[in-house]
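Q: quick one: sequence and predicted model below, then my questions.
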Amino acid sequence: MPFFLFIVGVAIALALKRIPKTSYAVKKIILRTIKLLFWGIILQGGYSQAPDTLAYGVDMKKIRWFGILQRIALVYCVVALIETFTTKLRPTVIKPGPVTIFTAYKWQWIGGFVAFLVYMITTFSLYVPDWSFVKHYDDGSTKKYLVKCGMRGHLGPACNAVGYVDRQVWGINHLYNQPVWSRLKACTLSSPSTGPLRKGAPSWCRAPFEPEGLLSSISAILSGTIGIHYGHILIHFKGHAERLKQWVSMGLVLMIIAIILHFTDAIPINKQLYSFSYVCFTAGAAGLVFSGFYLLIDVWGYRTPFLFLEWIGMNAMLVFVMAAQGIFAGFVNGWYYETQDKTLVYWILEHVFNNVWHSERLGTLLYVIFAEITFWAVVSGILHKLGIYWKL
C-alpha cells in the first residue's frame, strides 16, 4: 500500500505536468475518485467472499465503508487537486540549490504538512473513552465485551485515536472484523500467525479494527506528497546523477528519521496506525527502490528482465481485482467436484506446491509467486500486446 501511494504521487506529477484547462482536470480527478470509491465498496465492502467461499451479498448494517481503494482515492484526490490548483504557481525552471525544488512546490508540502498536523494532533490529544462491542459467534451466540481506556495519546491496539475516530465516523459494525491485532503475542500462542486466542486474552483481541481507516488515511496523504516530490525531480532535473542524488539522499534521510523515532520509542513504526515513522520508513524505502529501478532500467538499460512489472503496472486495476481480491480464483472455485474444497485452485495449491515442498508456508509462497504473480504477468503482457487496458 505505501509503495503504491508513493508511485501514485509520482504518476500525478507526470500526468499533470501540463494542464490546459483546470476545470477539465478537476472534473477528471473527481470522477476518478468516485470510481475508486465505488470499486472499493464493491470489492471490500463484504459483498463478495471470494475466493474462500462462493457466497455473495452483504448485510448493509455491516458493510465495510473504507478499504484499500478508498484510501488510494482520498490520497489521489487531495494530492492531485493541490497539484491542479497550483499549476499557475509552479516554475518552469528550477534554480540550482539544495532546497529550491522544495520551495518551488511549497503548496504541495504545505498540504502534506496540514495532513501531518491533523493526524498528529488528533492522535495525541483526542480523548478515547471506554468502549464496547458485541461479538457474534458461528454457533449463533453473542457476547458483549468491554475495552477499558480513558486516556489520550495511546498507540497500542486498544485505545488509539485511529480506531476511536473510525468507530465514531463509520460505526463499529462497519469496520474490518479480522484485524491483525489478533495475531499479537498477547492474543494467541500462534503469534505471529493466526491461531486460537489464548486463555484470558484481552477483549480487544476480538474487536473490529479498520486498517485503512479515516485518520490513518489522512496520514497516508504524506506518502503521496513524497511521491509527487520524486515526480517533480524527474521533471525538472534532466541528468541521471542529479536525479539519483536527490532521490537517494531524501530516501536515506526519511529512513533515518523513521529509525530514530522507532528505536527511541517516540513514535514506533506501526502499519495499522499508519504512524509518522511508518510513513517515513516506507516512503524512504520506496524512494530507494524507485532509485534502484531507475538505475537498472534507465541508466544501465536492463529493461527486458523487468518488462513483466511494466505490464502489471499498465493493468494494475485488473490485477488488483482479479488476483489480490480473489475474483478470478473465486470464479475458478465455482467449478468444483462433489464438494467446494475440490477445485482446481485448491488442487494446485495442495498437490503442486504444499505436498511437493512439505511446507504449507513455503508452498503458499511459491503458489503466490508462480500461480499468481507469474500468471498475471503473462496475462498482462498478452493484454498489453493486444492494447487492452482497464483504466479508471
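A: On my side now, so go ahead. Numbers count the residues shown, from 1 in each chain.

Q: every contact and neighbour count from this point should use C-alpha atoms.
A: Fine.

Q: where does the prediction get shaky in the stretch 251-392 of the chain?
A: Across the stretch 251-392 of the chain, the ranges flagged by pLDDT under 70 are 337-341.

Q: so where do the helices sit in it?
A: 276-294, 307-314, 316-319, 327-333, 344-347, 355-357, 360-367, 375-386 (DSSP state H, counting those that start in this stretch).

Q: can you check the stretch 101-250 of the chain too?
A: Secondary structure of the stretch 101-250 of the chain (DSSP H, counting those that start in this stretch): helices located at 106-125, 161-169, 214-236, 240-263.

Q: could the C-alpha coordinates of the longest one be exported in CSV?
A: Taking Å, rounded to 0.1, in the frame of the first residue of the first chain, the C-alpha atoms of helix 240-263 are listed here in CSV:
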residue,chain,number,x,y,z
HIS,A,240,20.8,10.9,-14.1
ALA,A,241,23.3,11.8,-11.5
GLU,A,242,21.4,14.8,-10.2
ARG,A,243,18.1,12.9,-10.1
LEU,A,244,19.6,10.0,-8.2
LYS,A,245,21.4,12.3,-5.8
GLN,A,246,18.1,14.0,-4.9
TRP,A,247,16.2,10.7,-4.7
VAL,A,248,18.7,8.7,-2.7
SER,A,249,19.5,11.4,-0.2
MET,A,250,15.9,12.0,0.6
GLY,A,251,15.2,8.3,0.9
LEU,A,252,18.0,7.9,3.3
VAL,A,253,17.0,10.9,5.4
LEU,A,254,13.4,9.6,5.7
MET,A,255,14.6,6.1,6.8
ILE,A,256,17.0,7.6,9.3
ILE,A,257,14.2,9.7,10.8
ALA,A,258,11.9,6.7,11.0
ILE,A,259,14.6,4.5,12.7
ILE,A,260,15.3,7.2,15.2
LEU,A,261,11.7,7.7,16.0
HIS,A,262,11.1,4.0,16.3
PHE,A,263,14.1,3.0,18.5
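
Q: return the most buried member of the helices of the stretch 251-392 of the chain.
A: Compared across the helices of the stretch 251-392 of the chain, helix 276-294 shows the largest average neighbour count, a mean of 22 (mean count of other C-alpha atoms under 10 Å).

Q: could you say what helices and strands that helix packs with?
A: Helix 276-294 is packed against helix 2-15, helix 214-236, helix 240-263, with contacts defined by 3 or more C-alpha pairs under 8 Å, 6 or more residues apart in numbering; DSSP states H and E.

Q: thinking again about what came up before, reformat the helices of the stretch 101-250 of the chain as TSV; add distance to residue 16 and mean neighbour count.
A: Compiled in TSV, the helices of the stretch 101-250 of the chain are given as follows (distance: least, C-alpha to C-alpha, whole Å; neighbours: other C-alpha atoms under 10 Å):
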stretch	distance to residue 16	mean neighbour count
helix 106-125	13	17
helix 161-169	32	21
helix 214-236	10	25
helix 240-263	20	17
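
Q: pipe those into JSON lines and attach distance to residue 310 per row.
A: Formatted as JSON lines, these follow (distance: least, C-alpha to C-alpha, whole Å):
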{"stretch": "helix 106-125", "distance to residue 310": "28"}
{"stretch": "helix 161-169", "distance to residue 310": "35"}
{"stretch": "helix 214-236", "distance to residue 310": "17"}
{"stretch": "helix 240-263", "distance to residue 310": "21"}
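
Q: so which of those is nearest residue 367?
A: Of all those, it is helix 214-236 that lies closest to residue 367, at 30.5 Å by C-alpha to C-alpha.

Q: what packs against that closest one?
A: Secondary structure elements in contact with helix 214-236, counted by 3+ C-alpha pairs under 8 Å, 6+ apart, are helix 2-15, helix 68-85, helix 100-104, helix 106-125, helix 161-169, helix 240-263, helix 276-294.

Q: so residue 276 sits against residue 217, correct?
A: No - Residue 276 sits out of contact with residue 217 when judged by C-alpha atoms under 8 Å, with a separation of 11.7 Å.

Q: so where's the stretch 1-150 of the chain uncertain?
A: In the prediction, the stretch 1-150 of the chain carries residues with pLDDT under 70 at positions 49-52, 54-55.

Q: please redo it, this time with the cut-off set to 80
A: Scanning the stretch 1-150 of the chain for pLDDT under 80 picks out the ranges 1, 46-59, 61, 88-98, 137-140.

Q: quick one on the thing from earlier: dump the helices of the stretch 251-392 of the chain into TSV; add distance to residue 3 as well.
A: Putting the helices of the stretch 251-392 of the chain into TSV (distance: least, C-alpha to C-alpha, whole Å) gives the following:
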stretch	distance to residue 3
helix 276-294	6
helix 307-314	13
helix 316-319	13
helix 327-333	23
helix 344-347	29
helix 355-357	31
helix 360-367	20
helix 375-386	19
